[in-house]
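Asks: The sequence and its predicted three-dimensional model are supplied below.
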Protein chains: 2
Amino acid sequence: MTTLNYLTTTHFDFGITQRLGKELSRFGVERPLFITDEGVRAAGLLDKVLGNGGIETPSVFDQTPPNPTQQAVMAALEHYRADGCDGVVCVGGGSPIDLGKAVALLAGSGGDLERYDPMQGGAKHITKVAPLLAIPTTAGTGSEVSMGFVIVMDDGRKATFASPKLVPKVALCDPELTLGLPAHLTAATGMDAIAHCIEAVLSPVVNPPAEGVGLDGLWRAWRNIQRAVEDGSDREARWHMMMASTEGAMAFVKGLGAVHAMSHAAGRLPDLKLHHGTLNAVLLPAVLRFNKPVAEEKMERLAQAMGLPKDADLAEEIERMNASLKLPATLGEMGVTEAHLDDLVYYAVKDLAGRTNPRQASAEDYRALFEQAL
Amino acid sequence: MTTLNYLTTTHFDFGITQRLGKELSRFGVERPLFITDEGVRAAGLLDKVLGNGGIETPSVFDQTPPNPTQQAVMAALEHYRADGCDGVVCVGGGSPIDLGKAVALLAGSGGDLERYDPMQGGAKHITKVAPLLAIPTTAGTGSEVSMGFVIVMDDGRKATFASPKLVPKVALCDPELTLGLPAHLTAATGMDAIAHCIEAVLSPVVNPPAEGVGLDGLWRAWRNIQRAVEDGSDREARWHMMMASTEGAMAFVKGLGAVHAMSHAAGRLPDLKLHHGTLNAVLLPAVLRFNKPVAEEKMERLAQAMGLPKDADLAEEIERMNASLKLPATLGEMGVTEAHLDDLVYYAVKDLAGRTNPRQASAEDYRALFEQAL
């Protein structure tokens, strides 16, 4: 068993969810709200966690949408209050964890989400956050150790909220929960972890330890993603992918980049409901080509972590990997069309993640990048 | 400026000691005891820190010995109490920082050091630690972010104490303070940082993020140590060496290895007063040869971080680096003789650091390793 002591205390091992009861009492939580989604529930993962944790009559909110909305946050919060809950346990991929963070924030600090909008300096209004535990069931988001969450707001924006207070107190990372994850989701979430590592390393924010963590996560994920996709029961590959996911999020305390600015913009399109990890995988090559001229030394380190020659063309390598994982090659294949372009550019330019891209991207740059990815 | 949020909050930049007053008030410290040594004081570094921090009538203990002793801890503690101090600021290399940790521990939890001996499960007796700030003036120890300290006890052992409660609350890492460090100390402390990174990566404890941090520290230190030794005023090289030092200590939450078990044993020889970093530099090659058969993949990653071919002979590379830095090649050159051997082996076997060496070393192994290094 590995205990990592960084911002979140992360307990990491097969079967570690057996620790849930102990962690809940450590934080004095008697009536946690389990926040999950229907897919996680149908896969039997919520029952597994509840069984491991010895929880018999749980309070559950399972209506998390794929890209969590402000409306869903309010519905879960109502459930939390009506049921007299005193803490949140998120069980799922990035969506339930993000939704759970929003609920814990509003349960602790009151008001509505707009009040905490980081674009308006809202993080300073966060006084208290309800006890928050996260149990990831995918290996990609890393939201279990990150200080941010992303919600599609009523006004249509995909807004990123961030504060160290939003970091879950404890993450229980149990690779066991990912053994049954279907190949296409293993591929898409795995590429999400890879995108986190790559963008965090490329961010110009100076934080060498976080950079080291990102490179290690990339080293691990690049060597194991194909194994995990081809044979979901490969426990070693699952372990490494979950670790890479956690490391990706530890690394992106440095910030992310244009890939995420663009995938946030595309992820909010209500007619398409696109998967965040898949979007990142598809967008990476164009952004890597765009960033190359300003990040040569870092590109070499990334290549080295991936076991490639120093001067490898990373964009091509990602394209090859996407193809081998049967991920789409273009946004076009995902249903995005020229008609979406203005809207995508509008939201990408405003997204927080783009601020730490190594090369500042203008609206024209984003348009060109989206066109390449189409 | 870089703020790293791991166990310690580390503020890292040229001139960052100007933040001292602010940090003291943040922790409600009105009368800190500045713990340093005569060398640091003579070099004007204490005055620089006091000036930057706007502290006019400081309480100072400057009698830290090169390898801090239990006796010195008690002397400083008496000073702390007599002067009505309410916190500790360590200014110096590993010795004043380690001494300061011991003083903060006893000031907070009472009793004497034996009570907290980790070999006797003493860490559980630590109830409170006085507010502790660390300002390193060398780039090597990393003690400013580590949870351990090492004291030569009255009974002759060099004992390692460790607890997350001993991590300084804040480290102010100001590479400015190292610009005047003489070449031989730059070399010896720099090799200390390199030894931390290498041993932490090789430790079998599973902690990938810490491993990534160690590899990044090694990458940075190996590229900059010669520059910093040859031209002490090279600000960029100084920055990287101090960062590598901090990263080395973040990495060794994984534990260290036989190099440290041996250098702790040799560092306690009262007749020789040997420098910890120099010892590590001299001992690394023999231990790397000893560990090689059990750590091939990790040796490859170390080589890669050092910019060497995968199959490079790391022991030879360290020997070459030591020579180019004008460090001794053998323990014999440092004054150690055959007559010390029994004593060295006796203490090395008992040392805590050896427990996380990737290959368990018996008394005979330690004897052979010391003989090689002689």
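Replies: In hand now; what should we look at? Numbering: from 1, shown residues only, chains lettered A, B, ... in the order given.
Asks: how does chain A divide up, domain by domain?
Replies: A:9-177, A:181-373 (automatic domain parsing).
Asks: Would you format the ones you listed as CSV with distance to B:Asn224 included?
Replies: In this view, the C-beta of every residue, glycine as well, is placed from N, C-alpha and C. Output for the domains of chain A, formatted as CSV (distance: least, CB to CB, whole Å):
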stretch, distance to B:Asn224
domain A:9-177, 30
domain A:181-373, 12
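Asks: Using JSON lines, please lay out those together with mean neighbour count and mean pLDDT.
Replies: Converted to JSON lines, these look like this (neighbours: other CB atoms under 10 Å in any protein chain shown; pLDDT from 0 to 100):
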{"stretch": "domain A:9-177", "mean neighbour count": "21", "mean pLDDT": "92"}
{"stretch": "domain A:181-373", "mean neighbour count": "22", "mean pLDDT": "95"}
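Asks: Dump these to JSON lines, plus distance to chain B.
Replies: JSON lines is the format used below for the domains of chain A (distance: least, CB to the nearest CB, whole Å):
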{"stretch": "domain A:9-177", "distance to chain B": "7"}
{"stretch": "domain A:181-373", "distance to chain B": "3"}
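Asks: tell me the phi and psi of the closest residue to A:Ala187 other than its chain neighbours?
Replies: On the basis of CB to CB, 6 or more residues apart in numbering or on different chains, the spatially nearest residue to A:Ala187 that is not a chain neighbour turns out to be A:Leu325, at 3.9 Å. Note on A:Leu325: its backbone torsions stand at phi -90, psi 0 [degrees, to the nearest 10].
Asks: my read: A:Leu325 touches A:Gln226, true?
Replies: Yes - counting by CB atoms under 8 Å, A:Gln226 is a contact partner of A:Leu325 at 7.0 Å.
Asks: picking that back up, what's near enough to touch the residue nearest to A:Ala187?
Replies: When contacts are counted by CB atoms under 8 Å, 6 or more residues apart in numbering or on different chains, A:Leu325 touches A:Ala187, A:Gly190, A:Met191, A:Ile225, A:Gln226, A:Val229, A:Ala281.
Asks: Doesn't the fifth one lie inside a helix?
Replies: The reference is to A:Gln226. Yes - checked against DSSP: H, G, I helix; E, B strand; the rest coil, A:Gln226 lies within a helix.
Asks: so what's it up against?
Replies: A:Gln226 sits next to A:Met321, A:Ser324, A:Leu325 when contact means CB under 8 Å, 6+ apart.
Asks: Among these, pick out the one closest to A:Asp83, please.
Replies: When the contacts of A:Gln226 are compared for distance to A:Asp83 (CB to CB), A:Leu325 wins out at 40.4 Å.
Asks: Please report how far that closest one lies from A:His240.
Replies: To A:His240, A:Leu325 is 16 Å away according to CB to CB, to the nearest Å.
Asks: what does A:Met306 give?
Replies: 14 Å.
Asks: list the contacts for the residue nearest in space to the middle of chain A?
Replies: Closest to where the C-alpha atoms of chain A average out (CA atoms, centre = their mean) is A:Thr141, at 2.5 Å. Residues near A:Thr141 by CB under 8 Å, 6+ apart: A:Gly93, A:Gly94, A:Ile97, A:Asp98, A:Thr189, A:Asp192, A:Ser245, A:Ala249, A:His276, A:Gly277.
Asks: three-state assignment of the closest residue in space to the last one that isn't next to it in sequence?
Replies: By that I understand A:Gly277. Nearest residue to A:Gly277, sequence neighbours excluded (CB to CB, 6+ apart): A:Asp192, at 3.2 Å. Put simply, A:Asp192 is helix when judged by three-state DSSP.
Asks: for A:Arg289, same thing?
Replies: Put simply, A:Arg289 is helix when judged by three-state DSSP.
Asks: which is the next helix or strand following whichever strand or helix holds A:Ala237?
Replies: Assigning secondary structure by DSSP states H and E places A:Ala237 in helix A:235-251. Once the chain leaves helix A:235-251, the next helix or strand it forms, by DSSP H and E, is helix A:258-267.
Asks: what helices or strands is that next one leaning on?
Replies: The contact analysis (3 or more CB pairs under 8 Å, 6 or more residues apart in numbering or on different chains; DSSP states H and E) places helix A:258-267 against strand A:148-152, strand A:158-162, helix A:183-202, helix A:276-291, helix A:341-350, helix A:363-373.
Asks: Now render the ones you listed as JSON lines, adding distance to B:Val294.
Replies: What follows is the helices and strands packed on helix A:258-267, written out as JSON lines (distance: least, CB to CB, whole Å):
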{"stretch": "strand A:148-152", "distance to B:Val294": "40"}
{"stretch": "strand A:158-162", "distance to B:Val294": "42"}
{"stretch": "helix A:183-202", "distance to B:Val294": "28"}
{"stretch": "helix A:276-291", "distance to B:Val294": "37"}
{"stretch": "helix A:341-350", "distance to B:Val294": "49"}
{"stretch": "helix A:363-373", "distance to B:Val294": "46"}
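Asks: And the helices in the stretch 51-200 of chain A?
Replies: Per DSSP state H, counting those that start in this stretch, the stretch 51-200 of chain A carries helices over the ranges A:70-82, A:94-109, A:183-202.
Asks: can you tell which of those is closest to A:Ala315?
Replies: When these are compared by CB to CB, helix A:183-202 sits nearest A:Ala315, at 10.9 Å.
Asks: who does that closest one touch, helix- and strand-wise?
Replies: Applying 3+ CB pairs under 8 Å, 6+ apart, we find helix A:183-202 packed against helix A:208-230, helix A:235-251, helix A:258-267, helix A:276-291, helix A:296-305, helix A:314-324.
Asks: what would those helices look like in JSON lines with distance to B:Arg115?
Replies: Below are the helices and strands packed on helix A:183-202 laid out as JSON lines (distance: least, CB to CB, whole Å):
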{"stretch": "helix A:208-230", "distance to B:Arg115": "33"}
{"stretch": "helix A:235-251", "distance to B:Arg115": "36"}
{"stretch": "helix A:258-267", "distance to B:Arg115": "51"}
{"stretch": "helix A:276-291", "distance to B:Arg115": "52"}
{"stretch": "helix A:296-305", "distance to B:Arg115": "45"}
{"stretch": "helix A:314-324", "distance to B:Arg115": "55"}
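Asks: I'd assumed A:Ala368 was in contact with A:Met262.
Replies: No - here A:Met262 lies out of contact with A:Ala368, judged by CB under 8 Å, at a distance of 11.4 Å.
Asks: Contact partners for the nearest residue in space to A:Gly93 that is not next to it in sequence?
Replies: Among residues not flanking A:Gly93 along the chain, A:Thr138 sits closest, at 3.9 Å (CB to CB, 6+ apart). For A:Thr138, the contacting residues are A:Gly92, A:Gly93, A:Gly94, A:Thr178, A:Leu181, A:Leu185, A:Thr189, A:Ser245, by CB under 8 Å, 6+ apart.
Asks: measure A:Thr138 to B:Leu106 for me?
Replies: Per CB to CB, A:Thr138 is found 48 Å from B:Leu106.
Asks: got it, and A:Glu317?
Replies: A:Glu317 is 56 Å from B:Leu106, where distance means CB to CB.
Asks: A:Pro66 too?
Replies: Noted for A:Pro66: a distance of 56 Å to B:Leu106, by CB to CB.
Asks: got it, and A:Asp311?
Replies: Between A:Asp311 and B:Leu106 the computed distance is 56 Å (CB to CB).
Asks: what's the answer for A:Asp192, then?
Replies: Computed as CB to CB, the A:Asp192 to B:Leu106 distance reads 49 Å.
Asks: Name the nearest residue to A:Arg238, sequence neighbours excluded.
Replies: Leaving aside its sequence neighbours, A:Arg238 sits nearest to A:Pro175 (CB to CB, 6+ apart; 4.4 Å).
Asks: right, and the one you found touches A:Ala244 too?
Replies: No - look at A:Pro175 against A:Ala244 with CB under 8 Å: they stay out of range, at 11.1 Å.
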